[in-house]
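Peer 1: Got a predicted model here, sequence first, then my questions.
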Amino acid sequence: MPLVEARNLPAHVGIIMDGNGRWAQQRGKGRALGHREGAAAVRRTVRAARRLGLRALTLYAFSEQNWARPEEEVDALMELLRDFLLTERGEILGNGIRLNAIGNLGRLPGLVRAVLDPLRRESEGNEQMTLTLALSYGGREEIAHAARVLAGEAAAGRIDLDDITPDALRAQMPSLTVGDPDLVIRTGGERRISNFLLYGLAYAELYFADVLWPDFAEADLHAAIASYQRRERRFGLVPAPREEPSERRPASITRIAI
Ligand code: FPP
């Protein structure tokens, strides 16, 4: 298993879980089986993230655009989601995990809301890790919603146009209440973002893995984090001059704004 350092962990990891359909197709099975194995990978990954001590994990489980898939596949995904919430309830509550959900939740069927809403409330006070499920989620939609809220405030005279700043927009985005993502992983071999966490991605490190999501294992999560830990994040600043390590100087970047 790749070595992960206990310090310098990404606080917030996002995952685009891609490849369920191909996983099933390779075995001559229907897509629903791929999603079922994908749900098993979700369980493994949540446990692995909790074991590592990540503060926040955001999983792209269903995009706003996924509603256009065949009804049968959408129904199968909604049932898997409900089963996941039912079977993982004890694990979530018992391990200090706060369950959250982002996206256009009003579009979710009652069978999902009936288990999602109570679990969100029950786990509200948990502080070890926030598990956010992006459901009926779209990054552009989230940005547009935040813009509408601020435009409404401005139109009502409650804020000035100058108050519409990057931070004010961020404050309206539920995906970023746990902070910007530090690392975003995409499985399944494609190298694209597919409308995930767009606003928060500004300085995220991206990691693309060829493994199909149902095969994603703890070692794959460790490999992604080990890769993140080898990178130098500069946030638009310049690299620090080389010098002897000092305990009073933990950051490896010099704060000179450009
Ligand atoms: C993308 O694979 C995956 C999805 C659209 C759904 C993700 C859902 C799960 C992992 C299972 C249920 C979720 C939870 C939280 C229990 P794809 O179908 O687009 O794969 P393909 O690109 O190979 O066709």
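Peer 2: That came through fine. Residues are numbered from 1 along each chain as shown.
Peer 1: What residues does the stretch 51-200 of the chain have near the ligand?
Peer 2: By the rule Cβ under 6 Å from any ligand atom, the part of the stretch 51-200 of the chain lying against the ligand is 59, 61, 62, 66, 77, 80, 81, 84, 133, 188. The way it works is simple: take the backbone N, C-alpha and C, and place the C-beta from them, glycine included.
Peer 1: Quick check, the fourth one in contact with residue 78.
Peer 2: No - the criterion here is Cβ atoms under 8 Å, and residue 66 misses it with residue 78 at 10.5 Å.
Peer 1: measure the residue in the chain positioned nearest to the ligand to residue 33 for me?
Peer 2: Per Cβ to the nearest ligand atom, residue 21 is where the chain lies closest to the ligand, at 2.5 Å. Computed as Cβ to Cβ, to the nearest Å, the residue 21 to residue 33 distance reads 10 Å.
Peer 1: Would you confirm that residue 23 belongs to a helix?
Peer 2: Yes - under DSSP: H, G, I helix; E, B strand; the rest coil, residue 23 falls within a helix.
Peer 1: Now do the contacts for it.
Peer 2: Applying Cβ atoms under 8 Å, 6 or more residues apart in numbering to residue 23 gives the contacts 34, 37, 38, 212, 213, 214, 215.
Peer 1: Recalculate using a threshold of 10 Å.
Peer 2: Each residue near residue 23 by Cβ atoms under 10 Å, 6 or more residues apart in numbering is listed here: 29, 31, 33-35, 37-38, 41, 188, 211-215.
Peer 1: returning to that earlier point: the residues of the stretch 51-200 of the chain next to the ligand, buried ones only, as a ChimeraX selection?
Peer 2: Only the buried entries of those go into this ChimeraX selection, using 16 or more other Cβ atoms under 10 Å:
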select :59,61,62,66,77,80,81,84,133,188
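Peer 1: Now do the contacts for the most centrally placed residue in the chain.
Peer 2: Nearest to the geometric centre of the chain sits residue 58, at 2.2 Å (Cα atoms, centre = their mean). Listed by Cβ under 10 Å, 6+ apart, the contact set of residue 58 reads 12-16, 100, 102, 130-134, 137, 175-176, 178, 181, 184, 196-197, 200.
Peer 1: Check the secondary structure at residue 134 for me.
Peer 2: Assignment for residue 134 (three-state DSSP): strand.
Peer 1: Setting aside sequence neighbours, what's the nearest residue to it?
Peer 2: residue 60 (4.7 Å; Cβ to Cβ, 6 or more residues apart in numbering).
Peer 1: same check, this time on residue 172
Peer 2: Per Cβ to Cβ, 6+ apart, closest to residue 172 is residue 146, 3.6 Å.
Peer 1: show me where the stretch 1-150 of the chain has strands.
Peer 2: 12-16, 56-63, 97-102, 129-137 (DSSP state E, counting those that start in this stretch).
Peer 1: quick one: low-confidence parts of the protein?
Peer 2: Along the chain, segments meeting pLDDT under 70 span 242-258.
Peer 1: What count of nearby residues applies to the residue of the chain closest to the ligand?
Peer 2: 20 (other Cβ atoms under 10 Å).
Peer 1: Wait, it touches residue 34, no?
Peer 2: Yes - look at residue 21 against residue 34 with Cβ atoms under 10 Å: they come within range, at 5.3 Å.
Peer 1: tell me how far the ends of stretch 150-161 are from each other?
Peer 2: This stretch, stretch 150-161, spans 9 Å end to end (Cα to Cα, to the nearest Å).
Peer 1: Show me which positions of it end up buried.
Peer 2: Result for stretch 150-161 [16+ other Cβ under 10 Å]: buried residues 150, 153.
Peer 1: do the same with stretch 194-203
Peer 2: 195, 196, 197, 198, 199, 200, 201.
Peer 1: Tabulate the CA atom coordinates of it in PDB.
Peer 2: Extracted in PDB, the C-alpha atoms of stretch 194-203 (Å, rounded to 0.1, in the frame of the first residue of the first chain):
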ATOM      1  CA  SER A 194     -18.000  16.900 -15.500                       C
ATOM      2  CA  ASN A 195     -19.600  19.800 -13.600                       C
ATOM      3  CA  PHE A 196     -18.300  18.800 -10.200                       C
ATOM      4  CA  LEU A 197     -17.500  21.400  -7.500                       C
ATOM      5  CA  LEU A 198     -16.600  23.900 -10.200                       C
ATOM      6  CA  TYR A 199     -16.200  27.000  -8.000                       C
ATOM      7  CA  GLY A 200     -14.200  25.300  -5.200                       C
ATOM      8  CA  LEU A 201     -11.800  23.600  -7.700                       C
ATOM      9  CA  ALA A 202      -9.800  26.800  -8.300                       C
ATOM     10  CA  TYR A 203      -6.700  25.500  -6.500                       C
END
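Peer 1: Kind regards, and thank you for your time.
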